[in-house]
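[1] sequence and computational prediction follow.
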Amino acid sequence: MHFLNLLLTVLYTLYVQPLLVTENNNTYPQPEHVLCTGVPLHVVMIGIDGLTSDGLLRANTPVIDGLRKNGAWSLQAQPVQPTLSSPNWASLLTGVLPEVHGIYENGWEAPRAAVAATGNSGYELPVPSLFAVLRRQYPHANTACFYQWQELQRLIEPNATARLSHTGNESITVNCAARYIKKHKPAFTFLHFDNVDHAGHIFGYQSETYINAIETTDALLNRLVNVINQSGMAAHTVFIITTDHGGIDHNHGGQTPEECNTPFIISGPGIKKDYAIKNSLQIYDIAPTVAKLLGLKQPAHWAGTPAEEVFLNPGSSVAVP
């Protein structure tokens, strides 16, 4: 019976579960991963929902620790208020405050007037996401997003990415992203993981189960790093580890240090190594930092600015030596 259960589990994982992944595969003329600047740069941004600075310090995370040792980092990156997922992922992806994107709670939907005016599905942001900005400036650049939390789909325009996949599972998230990166070598990839935040809500953000969840996510990231190394992309790939908020007790949404002091790590070519970021870093500074990496012109309405101090050569338009 044990063998039968194991066999059924393996068959489900291999053949059934992948079919449950929802995605859009937009067709765009895709050259190699070189942008119009001619720079073969890749940015892989990993968003770990509800990751606290204290939890990261307590957990055994060799992959994330390696990126931190070889990059720049902060344990006091600041979210916007309230410290909920939708407002903060929206600010991260748009470079603006909630006063501009208008999202203050989870479950947000675009106002009916905005839907009628734009003809969109009711899920797109009132201001363009980083994906949309990249698509407009570099129409041929390949981008992808693999996300576990379903509501994240509301924060990214459906036609702004070549691949937008709701996975619902951390392992599938990594596997789908690894396969896609290996084949297409996208300029920008965003992965979202949700198990850490789930563990915080259920067991507490200081619990051992929460720490174990961080360690499990870190172990999964090893697959992604290995694929990038094996694909010959490592010399031209910048990794970003970030989050939307911290947590205290079993929740978040307030202004305590546990909820507001969050980790940020950036690692790769052109980035300082083992460097503790000294200046204040806001969540809406992340989109401008990615834009600088990819040689994008920053939209005038963005509130954030690139984290210039993390670059070896702050004056360069991209982080490639």
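    Thanks, I have it. Residues are numbered from 1 along each chain as shown.

[2] what's the single longest helix in the chain?
    helix 208-230 (DSSP state H).

[3] what's the burial count for residue 54?
    20 (other Cβ atoms under 10 Å). No exception for glycine: its C-beta is placed from N, CA and C like everyone else's.

[4] please, which helix or strand holds it?
    helix 53-58 (DSSP states H and E).

[5] next, the buried residues of that helix.
    Residues 53, 54, 55, 56 are the ones in helix 53-58 that count as buried (16 or more other Cβ atoms under 10 Å).

[6] how near is residue 101 to residue 261?
    23 Å (Cβ to Cβ, to the nearest Å).

[7] ditto for residue 301
    On the measure of Cβ to Cβ, residue 301 and residue 261 end up 27 Å apart.

[8] in the stretch 201-321 of the chain, which spans are helices?
    208-230, 257-260, 286-293 (DSSP state H, counting those that start in this stretch).

[9] ranking those by burial, who's on top?
    Stretch with highest mean neighbour count among the helices of the stretch 201-321 of the chain: helix 286-293 (a mean of 24; mean count of other Cβ atoms under 10 Å).

[10] which strands or helices does that one pack on?
    strand 42-48, helix 85-94, helix 130-137, strand 237-242 (3 or more Cβ pairs under 8 Å, 6 or more residues apart in numbering; DSSP states H and E).

[11] kindly recompute the last result at 10 Å.
    strand 42-48, helix 85-94, helix 130-137, strand 188-193, strand 237-242, strand 262-267 (3 or more Cβ pairs under 10 Å, 6 or more residues apart in numbering; DSSP states H and E).

[12] dump the ones you listed into a markdown table; add distance to residue 294, mean neighbour count and mean pLDDT as well.
    Shown next, in a markdown table, are the helices and strands packed on helix 286-293 (distance: least, Cβ to Cβ, whole Å; neighbours: other Cβ atoms under 10 Å; pLDDT from 0 to 100):
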| stretch | distance to residue 294 | mean neighbour count | mean pLDDT |
| --- | --- | --- | --- |
| strand 42-48 | 6 | 25 | 98 |
| helix 85-94 | 14 | 27 | 97 |
| helix 130-137 | 7 | 21 | 94 |
| strand 188-193 | 6 | 26 | 98 |
| strand 237-242 | 9 | 23 | 98 |
| strand 262-267 | 13 | 26 | 98 |
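
[13] distance to residue 106 added to the ones you listed, as JSON lines?
    Formatted as JSON lines, the helices and strands packed on helix 286-293 follow (distance: least, Cβ to Cβ, whole Å):
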{"stretch": "strand 42-48", "distance to residue 106": "15"}
{"stretch": "helix 85-94", "distance to residue 106": "5"}
{"stretch": "helix 130-137", "distance to residue 106": "20"}
{"stretch": "strand 188-193", "distance to residue 106": "14"}
{"stretch": "strand 237-242", "distance to residue 106": "18"}
{"stretch": "strand 262-267", "distance to residue 106": "18"}
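
[14] between these, which gets nearest to residue 256?
    strand 262-267 (12.0 Å; Cβ to Cβ).

[15] just checking, what packs against that closest one?
    strand 42-48, helix 53-58, helix 62-69, strand 71-77, strand 237-242, helix 286-293.

[16] contacts only, for residue 155.
    If you count contacts by Cβ atoms under 10 Å, 6 or more residues apart in numbering, residue 155 has them with 85-86, 89-94, 101, 103, 108, 123-125, 129, 131, 145, 147, 149.

[17] contact partners for residue 73?
    Residue 73 neighbours (Cβ under 10 Å, 6+ apart): 56, 64, 67, 241, 263-267, 272, 274-277, 281, 310.

[18] redo that, cut-off 7 Å
    Taking Cβ atoms under 7 Å, 6 or more residues apart in numbering as the contact definition, residue 73 lies against 264, 265, 276, 277.

[19] same check, this time on residue 248
    Neighbours of residue 248 in contact, by Cβ under 7 Å, 6+ apart: 205, 256, 258, 259.

[20] much appreciated, bye for now.
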